[in-house]
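A.B. asks: Following is a predicted model, sequence given first.
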Amino acid sequence: MRKKAQQRFGVVLTALLLLLAVLAFNAWKEKKSLAKHKKLTAANITSASENLIGGRQIRLFYSYSVNQNNFTGQILVEDLESFGERNFMIFNYRDFRFPLIYDSLHPEINKLLIMREDWANHGIPLTDSLRRQFTIIESAR
């Protein structure tokens, strides 16, 4: 009986590790495709919700269009201190626009560029208007 339980545990553990490997590979493949086929557009923040479980977090919901097709997405902002928690009180991000990169072959693969580091990580130079926007956001921290 104990041996059977150990075998089942081994099978479950192997299945979980295989699932994690597949998820990691898909994430890597999407990231590589996004880097290779990236295009830039703007996304509208449609709503935000605050999550107090496990620390202060904000989930931003957004929408964007590519070739007259509409897409939606969401991003979890875990580090409110670096993002500027007061920004939501000052600017009320609903209907605020942020730059977004998307995969031109698979537009549902995207990354919302809400932090200064996001631009650097994707090798996209900041425009003057975005520098001003980040200065305003960062001064509200």
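C.D. replies: Thanks, I have the structure now.
A.B. asks: what's the burial count for the residue nearest to S63 when sequence neighbours are not counted?
C.D. replies: Counting by Cβ to Cβ, 6 or more residues apart in numbering, T72 is the residue found nearest to S63 once chain neighbours are left out, at 4.9 Å. (C-beta placed from N, C-alpha, C; glycine too.) By other Cβ atoms under 10 Å, 13 other residues sit near T72.
A.B. asks: ranges for the helices of the protein?
C.D. replies: Under the criterion DSSP state H, the chain contains helices at 2-36, 80-83, 87-91, 116-121, 128-139.
A.B. asks: related to what we said a few turns ago, just checking, the residue nearest to S63 touches S47?
C.D. replies: No: in this structure T72 lies outside contact range of S47 using Cβ atoms under 8 Å: 10.5 Å.
A.B. asks: list residues touching both of those two?
C.D. replies: Shared contacts of T72 and S47 (Cβ atoms under 8 Å, 6 or more residues apart in numbering): F61.
A.B. asks: Could you list the domains of this protein?
C.D. replies: Annotated domains of the chain cover 1-36, 38-139 [automatic domain parsing].
A.B. asks: Poorly predicted segments of the chain, please.
C.D. replies: For the chain, the stretches with pLDDT under 70 are 1, 51-56, 78-95, 133-141.
A.B. asks: Can you check which strand is longest in it?
C.D. replies: Ordering each strand of the chain by length in residues (DSSP state E) puts strand 38-51 first.
A.B. asks: starting at the chain centroid, how far to that one?
C.D. replies: For strand 38-51, the separation from the chain centroid amounts to 9 Å (computed by Cα atoms, centre = their mean, to the nearest Å).
A.B. asks: for stretch 114-128, same thing?
C.D. replies: Centroid separation for stretch 114-128 versus its chain: 14 Å, with Cα atoms, centre = their mean.
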